[in-house]
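Q: Could you look at this predicted model? Sequence included:
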Protein chains: 2
Amino acid sequence: MVQRQFAPAAPPAKRPRGRPRKTAGERDEGNRRPALIRAAARLFRRKGFAATTTRDIAAAAGMQSGSPFYHFKSKASLLAAVMEEGMRAALARQALALPGNADPASALRRLIRSHFDTLHAPGADFVPVMLYEWRSLNARQRTAIASLQREYEAAWVGPLEALAANGRLRAPVPIARLLIFGALNWSVQWFDPRRSASLDDVTDAAMELFIHPELP
Amino acid sequence: MVQRQFAPAAPPAKRPRGRPRKTAGERDEGNRRPALIRAAARLFRRKGFAATTTRDIAAAAGMQSGSPFYHFKSKASLLAAVMEEGMRAALARQALALPGNADPASALRRLIRSHFDTLHAPGADFVPVMLYEWRSLNARQRTAIASLQREYEAAWVGPLEALAANGRLRAPVPIARLLIFGALNWSVQWFDPRRSASLDDVTDAAMELFIHPELP
DNA sequence: CCTACCGATCGGTAGG
DNA sequence: CCTACCGATCGGTAGG
């Protein structure tokens, strides 16, 4: 939403016929934008926002140094686009992971597993960038992305409160939610898919750590 | 240790007598170095390493733009000094928090509370900088600080293993330790001393979340 | 520790 | 989307 004003307008029609495979009047329009976002996400994650140059990003997307600014008003707006794309993908993944009829414990397990996928699936640099570059956004950009985050977090409250009511989660839910997200998000610092523990293993460990056994 | 080569050598003895209050032959030597480290820590935390300029740091320490390089070989070596100072303070605090005779649960509680102090005490920017700017260090700098981190983390293993043996911690200790550190470290993103929950409240919540009730 | 400075780089833009 | 470029800034250094 915050990026609307940068949506690709109709490009200058220099070759009106386009390339053979394209419908007449429709060109590659805007297809380079996702490539820029992907390249930026990877570089922002590896080197950080401030240490990444727009020239790095352009080169990774196969462009010349000034070309990113045809698609994005500024470097910061590229960062915001990365984060928005990350949150949209995370919300979509979360919706798929949550069937309506799950009991609270298995709902929480699915949320955790889905969250780990969002953080660690191959090429999933978008949300980690959001977690580490929040301060590089201006106030307006933060507002837009914060509302996506609230939506994402809202799905966790129901299962957590149900588990608290059952006595299987003993900490106050608001603080517990923050601590749990911290435990999961911090995995971007240490999780290595080539090591022994898999994401399923880590999900099991998280459930064992946070959720107490059911009382008979 | 990694910073040894930058320790202030005897400064050029331009005013051999020094100022009145000083012993002859001893000047302010090196007293500006801590001020630089403090200023750098605050700025690195607020704006990030790459977005902070050495001019910012110099100004915050009341110096001219080139002067930090009299005390530190490079901007990165200033970052390493910030992190080392943070780990030394954290280790000292941890040692004070741990009496030898505590049971595992209260030992863990003290470790958690001490860790929160290290992260959130007024002016405690050093360790948060370490948590967020690890990638800005080169390999040699990482090695030096990693050994301090290992020492710090080692103190947690005993209590955690004892609690696992008692059935009060159900997840595998190595993964549990990573998840717990994540939950605590993430608090730098959300903890606000002016809000309702105090560090004692958050410590209580963390213990309730991770440690299951003692079986009678 | 200051003064004066350098070489390199960076985000962004005009014009096509 | 490329070419050519600008103004500003940055880490770092020489010399005192």
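A: Perfect, thanks for sending it.
Q: Just the CA trace of stretch A:60-69, in PDB.
A: Backbone C-alpha positions of stretch A:60-69 (Å, rounded to 0.1, in the frame of the first residue of the first chain) are rendered in PDB as follows:
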ATOM      1  CA  ALA A  60      22.500  -8.500  -9.100                       C
ATOM      2  CA  ALA A  61      19.300  -7.800 -11.100                       C
ATOM      3  CA  GLY A  62      21.400  -7.400 -14.300                       C
ATOM      4  CA  MET A  63      20.900  -3.600 -14.700                       C
ATOM      5  CA  GLN A  64      23.000  -0.500 -14.800                       C
ATOM      6  CA  SER A  65      23.600   1.500 -11.700                       C
ATOM      7  CA  GLY A  66      20.900   4.200 -12.200                       C
ATOM      8  CA  SER A  67      18.100   1.800 -13.300                       C
ATOM      9  CA  PRO A  68      16.700   0.800  -9.900                       C
ATOM     10  CA  PHE A  69      15.400   4.300  -9.600                       C
END
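Q: how about that stretch: buried residues?
A: A:60, A:61, A:63, A:68 (16 or more other CB atoms under 10 Å in any protein chain shown). All C-beta spots, glycine's among them, are computed from the backbone N, C-alpha and C.
Q: Identify, from these, the entry nearest to residue B:209.
A: residue A:60 (41.0 Å; CB to CB).
Q: can you pull the contacts of the closest one?
A: Listed by CB atoms under 8 Å, 6 or more residues apart in numbering or on different chains, the contact set of residue A:60 reads A:39, A:42, A:43.
Q: By residue count, tell me the biggest helix in chain A.
A: What stands out as the longest helix in chain A, according to DSSP state H, is helix A:139-165.
Q: any idea how far residue A:141 is from DNA strand C?
A: As judged by CB to the nearest atom of the strand, to the nearest Å, residue A:141 and DNA strand C stand 13 Å apart.
Q: Quick check: that residue touching residue A:76?
A: Yes - when contacts are counted by CB atoms under 8 Å, residue A:141 is listed as touching residue A:76 (7.0 Å).
Q: Compare the two and say which is more crowded by neighbours.
A: residue A:141 (20 against 15; other CB atoms under 10 Å in any protein chain shown).
Q: Neighbours of the closest residue to DNA strand D within chain A, how many?
A: Here chain A gets closest to DNA strand D at one residue, residue A:32, 2.6 Å apart by CB to the nearest atom of the strand. For residue A:32, the tally of surrounding residues (other CB under 10 Å) stands at 18.
Q: Kindly report the same for the one 5 residues further on.
A: Counted with other CB under 10 Å, residues neighbouring residue A:37 total 24.
Q: What residues does it make contact with?
A: Contacts of residue A:37 by CB under 8 Å, 6+ apart are A:78, A:81, A:82, A:85.
Q: Also residue A:178?
A: Listed by CB under 8 Å, 6+ apart, the contact set of residue A:178 reads B:186, B:187, B:190.
Q: quick one: secondary structure of the nearest residue to the first one once chain neighbours are set aside?
A: The one in question is residue B:186. In this structure, residue B:186 finds its nearest non-sequential neighbour in residue A:182, 2.5 Å apart by CB to CB, 6 or more residues apart in numbering or on different chains. Following DSSP: H, G, I helix; E, B strand; the rest coil, the label given to residue A:182 is helix.
Q: So what's the predicted local confidence for residue A:59?
A: Residue A:59 carries a pLDDT score of 97 in this model.
Q: nearest spatial neighbour of it, skipping sequence neighbours?
A: residue A:65 is the one closest to residue A:59 (CB to CB, 6+ apart), at 7.9 Å.
Q: OK, contacts around the one you found?
A: Counting by CB under 8 Å, 6+ apart, residue A:65 has contacts A:54, A:55, A:58, A:59.
Q: Just to be sure, which of these are found in strands?
A: With strands taken from DSSP state E, there is no overlap with the contacts of residue A:65.
Q: and those residues, which are buried?
A: For the contacts of residue A:65, a burial check counting by 16+ other CB under 10 Å picks out A:54, A:58.
Q: now the helices for chain A?
A: Under DSSP H, chain A gives helices at A:32-47, A:54-60, A:68-71, A:75-97, A:104-120, A:126-132, A:139-165, A:173-185, A:187-190, A:199-210.
Q: Output those as CSV; include the columns distance to residue B:130.
A: As requested, the helices of chain A are exported to CSV (distance: least, CB to CB, whole Å):
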stretch, distance to residue B:130
helix A:32-47, 18
helix A:54-60, 26
helix A:68-71, 32
helix A:75-97, 24
helix A:104-120, 21
helix A:126-132, 14
helix A:139-165, 25
helix A:173-185, 16
helix A:187-190, 12
helix A:199-210, 24
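Q: Tell me which of those helices sits nearest to residue B:204.
A: helix A:173-185 (8.9 Å).
Q: Among the contacts of residue A:178, name the buried ones.
A: Looks like the contacts of residue A:178 have B:186, B:187 buried, using 16+ other CB under 10 Å.
Q: can you list contacts of stretch A:90-97?
A: With CB under 8 Å, 6+ apart as the test, stretch A:90-97 has contacts from A:110, A:111, A:113, A:114, A:115, A:117, A:118, A:127, A:148, A:151, A:152, A:155.
Q: hmm, try it at 7 Å
A: For stretch A:90-97, the surrounding residues in contact (CB atoms under 7 Å, 6 or more residues apart in numbering or on different chains) are A:110, A:111, A:113, A:114, A:117, A:118, A:127, A:148, A:151, A:152, A:155.
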